[in-house]
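Trainee: Requesting a structural model of the entry that follows:
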Amino acid sequence: MAIFYVDGRYVPADQAVLPVTDLAVLRGYGVFDLFRTYNGKPFHWPAHLERLIGSARRIGLTIPWSWEELTGIVMETIRKNPEITNAYVRVVITGGASSDFATFENQPRLLVLISPIPIYPDWWYQKGVKLITLYQERNIPDAKSIDYIPAALAMKKARQQGAVEVLYLDTARQVLEGTSTNVFLFSKGTLITPAEGILSGITRKVVIETARPVFPLEIREVLLKELLAADEVFITGTSKGIVPVVQVDEIVIGNGRPGTRTIQLTKMLDVAIGRTISADA
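Mentor: Model (predicted):
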């Protein structure tokens, strides 16, 4: 059984509990970040920690732990779970206890949860996936908060329509991001990804760094009509990597198959990840 860190203690997963007075339970007040390990080695943990701290600041949540303390707790949690070699590590900072069940009282709690990386179907990568679009914007897009009700409802719609992800649009029909992914497109050989109104994913950053020397790159506003007319589209995420997209709503993207540039970039990303893990060893 996995070992979690919960508010000062390392405990078996089935003993990991929060008091019902915690604002995470009562109000959905808290932030989290999620990174993965490869063969027990964390991938880009400092970037995820930086984003976690930034998310907390964006919602007015005080963090009493230092960078070194947070890193030490997270790494110890990984060490206590040697059987989970390729892991999801979720670091959560809750709003903490509240005597009136509403007011933040500067008593946040820290949780570190670990689980095996989910295995996605091979056909996602070999044949590509379908997305649907939804006019929806997150309240604080650059904060990774624990309030995922809108995303959960959106994903319910996606499953009903045979899709694996939802692309959020703003009222100007600009493409933003997925519920848990970022989006890219290739148009006439240029790699393009939205710039504003998104949570900038760590995998997104790695893809941009990997692609920049090879492909023309634009980080800017993207209208839905441009995405639908693209030669290739793909999404990125911590556990998913690069997933080719072959359909958005009822529109087939390109020739309806994973594009050659997407496949090339996927191979390049695999090499970049391998170099990073080797360098951190």
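Trainee: And the strands in the stretch 151-281 of the chain?
Mentor: 165-169, 175-178, 182-187, 190-193, 217-219, 232-237, 241-248, 251-252 (DSSP state E, counting those that start in this stretch).
Trainee: Redo those strands as JSON lines? Include mean neighbour count, distance to L70 and mean pLDDT.
Mentor: Glycine gets a C-beta too; all of them are placed from N, C-alpha and C. Formatted as JSON lines, those follow (neighbours: other CB atoms under 10 Å; distance: least, CB to CB, whole Å; pLDDT from 0 to 100):
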{"stretch": "strand 165-169", "mean neighbour count": "24", "distance to L70": "30", "mean pLDDT": "98"}
{"stretch": "strand 175-178", "mean neighbour count": "25", "distance to L70": "26", "mean pLDDT": "98"}
{"stretch": "strand 182-187", "mean neighbour count": "24", "distance to L70": "25", "mean pLDDT": "98"}
{"stretch": "strand 190-193", "mean neighbour count": "21", "distance to L70": "29", "mean pLDDT": "98"}
{"stretch": "strand 217-219", "mean neighbour count": "14", "distance to L70": "29", "mean pLDDT": "98"}
{"stretch": "strand 232-237", "mean neighbour count": "26", "distance to L70": "23", "mean pLDDT": "98"}
{"stretch": "strand 241-248", "mean neighbour count": "22", "distance to L70": "26", "mean pLDDT": "98"}
{"stretch": "strand 251-252", "mean neighbour count": "12", "distance to L70": "44", "mean pLDDT": "98"}
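Trainee: Redo those strands as a markdown table? Include distance to A151.
Mentor: Supplementary listing: the strands of the stretch 151-281 of the chain in a markdown table, determined by distance: least, CB to CB, whole Å:
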| stretch | distance to A151 |
| --- | --- |
| strand 165-169 | 8 |
| strand 175-178 | 9 |
| strand 182-187 | 14 |
| strand 190-193 | 20 |
| strand 217-219 | 23 |
| strand 232-237 | 13 |
| strand 241-248 | 17 |
| strand 251-252 | 23 |
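Trainee: Any idea which of the ones you listed gets closest to D142?
Mentor: strand 175-178 (10.9 Å; CB to CB).
Trainee: Residues in contact with the closest one: which ones?
Mentor: Around strand 175-178, the neighbours that count as contacts under CB atoms under 8 Å, 6 or more residues apart in numbering are 131, 133, 137, 141, 165-170, 183, 194, 197-199, 222-224, 227, 235, 237.
Trainee: Dump that strand to PDB, keeping only the CA atoms.
Mentor: This file holds the C-alpha atoms of strand 175-178, laid out as PDB (Å, rounded to 0.1, in the frame of the first residue of the first chain):
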ATOM      1  CA  VAL A 175      -8.800  28.500 -27.900                       C
ATOM      2  CA  LEU A 176      -7.500  28.400 -24.300                       C
ATOM      3  CA  GLU A 177      -6.600  25.000 -22.900                       C
ATOM      4  CA  GLY A 178      -8.000  21.600 -21.900                       C
END
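Trainee: Now for S200, how many residues are close by?
Mentor: S200 has 17 neighbours, counted by other CB atoms under 10 Å.
Trainee: Out of the strands of the stretch 151-281 of the chain, which gets nearest to G274?
Mentor: strand 241-248 (12.7 Å).
Trainee: how far off strand 232-237 does the closest one point, in degrees?
Mentor: For strand 241-248 against strand 232-237, the angle by axes from the mean of the first three to the mean of the last three CA atoms, to 10 degrees is 140 degrees.
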